[in-house]
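Trainee: please work out how this folds:
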Amino acid sequence: MANQFKHRWRGDFLIVIGLLCLLFLVFIAFLNWLLSLAGLVLLILSVSWFLVNERQFDRELVQYVAGLSYRIKKVGDEVLLNMPIGILLYDESNRVEWCNTSLNAIADEEARTVIGRPLSEISEQLVKLIASDNESTIISINDRQYRVRLRRSDRLIYFNDITDTLEIKKHYYNEKTVLALIFLDNYDEVTQGLEDQVRSTINNETTSIIKNWATEHGIYLRRTASDRFLAVLNERLLQAIEDEHFSILDKVREITVPLSHIPLTLSIGVGAGSTSLEDLGSYAQSALDLGLGRGGDQAVIKRPDGDVRFYGGKSNPVEKRTRVRARVISHALSELMLESDQVMIMGHQAPDLDSIGSCIGILKIAHANGRSAKIIMDDAHNVSGISKLIEELKKQKNLWSNFITAERAADQMTKRTLMVVVDTHRPSMVAAPSLLADVHRVVVIDHHRRAEEFIKDSVLVYMEPYASSTAELVTELLEYQPNERPLDVIEATAMLGGIAVDTKNFTLRTGFRTFDAASYLRAHGADTILVQKFLSDDLDQFNQRAKLIRKTELYKSNAAIAVGEADQTYDQVLLAQTADTLLMLEGIRTSFVIGKRKDGLIGVSARSLGDMNVQIIMESLGGGGHLNNAATQMADITLEEAVDRVKKAVDLYLEGGLS
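Mentor: Numbering: from 1, shown residues only. Here you go, the predicted model:
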């Protein structure tokens, strides 16, 4: 083809040359007509030869184009019919108008034609794709996966088989490395005081169980310390372990320790989802810290996208036998206060007795170290649960002068200010979340199980989920202060009230250290009668609680669900008190109280006698708490929808879907 076009251009060039020759012959004719005549004859012969050659060229060109068009059409038909990509045309009624051979083989294994059949017979997802605004999707046909692309303007659908590609991706994902850190939570506490032979027996039994578990799942295991292991596995093995909900946790907990009723528990931190071993190690350690912060006896999986999954954690945290950590934390807190020019203290929003009592305890610690301190609490946050305490505090002018608003605190804060957050570790739940961004050093003291949301860059964290209350932890810190200052009656009473309200008058989550803390506060003048006054209800609250109890229904035999009126708002404290009261009724082991709050949210308070882990249930609904004391708030939802969500969460928990 290229040569023919060159020939055509050469012909045009010769015509131009011929015209020039003709002009030249005319000029020669004036000098020698015979020579000019001979040249004319030669020119005529040349032009004749050129015209004949040109006609031949045109005939060959027409034949060539016709042949090429035929070949293109033939190849195009072959491509459409036999190419390995399925092509389909459909009509207005979503029936197949035309398809190529590949599509016919994709849609019908028996090689029958699909022309004229509804798209729904090939796949219901095709009809959904056409009805949607999407241009492509992935569908499954005869155990093969296809990327389907739609061109609506021509009612044309392409099918590209991506089964092998997906298999390669799946294989790559399954073989990605995963690191796990395994830690025996209370190995030292359990084996303390035991004979070497008994300690060795426990050690061998524990090691054997963990190694057998690792061997069974094909995990590489390496012991790094008496109570620590490093495990290397992949995503496929991790998925198999998740499917059985980390059964190793239950196996270790079943180990019988001689002369002790304390179960041995295990915590596992897993780092996954990254190709960097350094990042995997960091995620694994962070996951382990998170699990230990939630009380241990659980596995935590952490990935780069922030996805965190929890397994286990269904048993109560085991109380530590020693106060060594309390003494160390107390000393570290003193050092931080001495390095600061002032201390700001705040609890959570809608504070309770535990939050206020803990704040007062930290205030005394700051004063013992010679530092000025302020407690941040807005009047708007006052709720009925602490109204009586606030009245008593206002009578103590010296003490009440240490309570300020968030606005005043923001004006007084400096770069050397130390912020102490008590009874919560979630930045969204503190009394003044905006202040956290303005302070450089934060201390967190809390007794709740650690949630995924956590105050970042804390210089000191003291979280003990085994403790009954934050007031108990703060009381122990106060005991170890070298320059201990005596507590006033109202101060000691407020802290004792914090312990009493979180233990339901010393009936739930109490250990020997709980009574030690209460004894210390009682020795410093805590008034038990005044505590009962703080916890007492007025007649209106009692009647509202009674109305809620009357609307209680039993769910799953021993779970009670009480729902408030749709047109009435309830205080969160009232919901919590109602949940506590329901547990006092025979046959009720778990209670959920649901009602609309004044801020428009739907509040849920959950309580349990230990049969059901309400903390896990509330976490699935965006809340948290303890195994037998938890709560959550839900926005943009009706009471009926909230009840339905709670029931579904309970069902999922009982089916083993929540862990």
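
Trainee: switch to C-alpha atoms for all contacts and neighbour counts from now on
Mentor: Will do.

Trainee: quick one, phi psi at the most centrally placed residue in the chain?
Mentor: The chain has residue 307 as the residue nearest its centroid, 3.7 Å off, counting by Cα atoms, centre = their mean. Backbone geometry at residue 307, expressed as degrees, to the nearest 10, gives phi -70, psi 120.

Trainee: now it: how far from residue 244?
Mentor: Separation of residue 307 from residue 244 (Cα to Cα, to the nearest Å): 20 Å.

Trainee: where along the stretch 451-600 of the chain do the strands fall?
Mentor: Along the stretch 451-600 of the chain, counting by DSSP state E, counting those that start in this stretch, strands occupy 460-463, 552-555, 559-563, 590-596.

Trainee: okay, those, which one's buried deepest?
Mentor: Neighbour counts (mean count of other Cα atoms under 10 Å) averaged over each of the strands of the stretch 451-600 of the chain peak at strand 590-596, with a mean of 28.

Trainee: any idea of the angle that one forms with strand 559-563?
Mentor: Our comparison of strand 590-596 with strand 559-563, counting by axes from the mean of the first three to the mean of the last three Cα atoms, to 10 degrees, yields an angle of 10 degrees.

Trainee: what mean pLDDT does the following helix or strand past strand 590-596 have?
Mentor: Of the helices and strands lying after strand 590-596 in sequence (DSSP states H and E), the nearest is strand 602-608. Mean pLDDT, strand 602-608: 92.

Trainee: could you do stretch 510-520 as well?
Mentor: Stretch 510-520 shows a mean pLDDT of 89 in the predicted model.

Trainee: and what of stretch 361-378?
Mentor: Mean predicted confidence for stretch 361-378 is 92.

Trainee: span of that stretch from start to end?
Mentor: Terminal residues of stretch 361-378 are spaced 19 Å apart (Cα to Cα).

Trainee: which residues touch it?
Mentor: With Cα atoms under 8 Å, 6 or more residues apart in numbering as the test, stretch 361-378 has contacts from 334, 337-338, 341-347, 359-360, 402-406, 409, 420, 431-432, 471, 474-475, 478, 481, 483-485, 487, 491, 495.

Trainee: please report the distance of residue 410 from residue 329.
Mentor: Distance from residue 410 to residue 329, by Cα to Cα: 27 Å.

Trainee: ok so, going back, so which of the strands of the stretch 451-600 of the chain comes closest to residue 534?
Mentor: strand 590-596 (22.4 Å; Cα to Cα).

Trainee: and the helix or strand residue 242 falls within, what's buried?
Mentor: Using DSSP H and E, residue 242 sits in helix 235-243. For helix 235-243, a neighbour-count test (16 or more other Cα atoms under 10 Å) marks 235-238, 242 as buried.

Trainee: got these as JSON lines, with distance to residue 145 and pLDDT columns?
Mentor: Below are the buried residues of helix 235-243 laid out as JSON lines (distance: Cα to Cα, whole Å; pLDDT from 0 to 100):
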{"residue": "235", "distance to residue 145": "22", "pLDDT": "94"}
{"residue": "236", "distance to residue 145": "21", "pLDDT": "94"}
{"residue": "237", "distance to residue 145": "25", "pLDDT": "94"}
{"residue": "238", "distance to residue 145": "25", "pLDDT": "94"}
{"residue": "242", "distance to residue 145": "26", "pLDDT": "90"}
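
Trainee: going by distance to residue 142, which of those residues wins?
Mentor: When the buried residues of helix 235-243 are ranked by distance to residue 142 (Cα to Cα), residue 236 comes first, at 25.2 Å.

Trainee: is it true that the closest one touches residue 178?
Mentor: No: using Cα atoms under 8 Å, residue 236 is not in contact with residue 178, being 9.6 Å away.

Trainee: which residue is the nearest non-sequential neighbour of residue 467?
Mentor: Closest residue in space to residue 467, ignoring its immediate chain neighbours: residue 447 at 5.8 Å, by Cα to Cα, 6 or more residues apart in numbering.

Trainee: contact partners for the closest residue to residue 114 other than its chain neighbours?
Mentor: Once flanking residues are discounted, residue 114 sits nearest to residue 104: 6.2 Å by Cα to Cα, 6+ apart. Contact analysis of residue 104 by Cα under 8 Å, 6+ apart lists 86, 111-114.

Trainee: quickly find the element holding residue 104.
Mentor: Short version: residue 104 belongs to helix 101-107, going by DSSP H and E.

Trainee: how distant is that helix from the center of its chain?
Mentor: Distance, stretch centre to chain centre, for helix 101-107: 42 Å (Cα atoms, centre = their mean, to the nearest Å).

Trainee: CA atoms of that helix as CSV?
Mentor: Only the C-alpha atoms of helix 101-107 are listed here, as CSV (Å, rounded to 0.1, in the frame of the first residue of the first chain):
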residue,chain,number,x,y,z
THR,A,101,-20.3,-17.3,21.6
SER,A,102,-18.3,-16.5,24.7
LEU,A,103,-21.3,-15.0,26.5
ASN,A,104,-23.5,-18.0,25.5
ALA,A,105,-20.9,-20.4,27.0
ILE,A,106,-20.7,-18.2,30.2
ALA,A,107,-24.5,-18.1,30.7
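
Trainee: so residue 180 is in contact with residue 267, correct?
Mentor: No: assessed by Cα under 8 Å, residue 180 is found out of contact with residue 267, at 10.2 Å.

Trainee: show the average pLDDT along the helix or strand harbouring residue 45.
Mentor: Per DSSP H and E: residue 45 is located in helix 33-82. Averaged across helix 33-82, pLDDT comes to 69.

Trainee: also stretch 311-325?
Mentor: 66.

Trainee: now do stretch 129-146
Mentor: Rounded mean pLDDT across stretch 129-146 is 89.

Trainee: likewise stretch 186-203?
Mentor: Stretch 186-203 shows an average pLDDT of 77 in the prediction.
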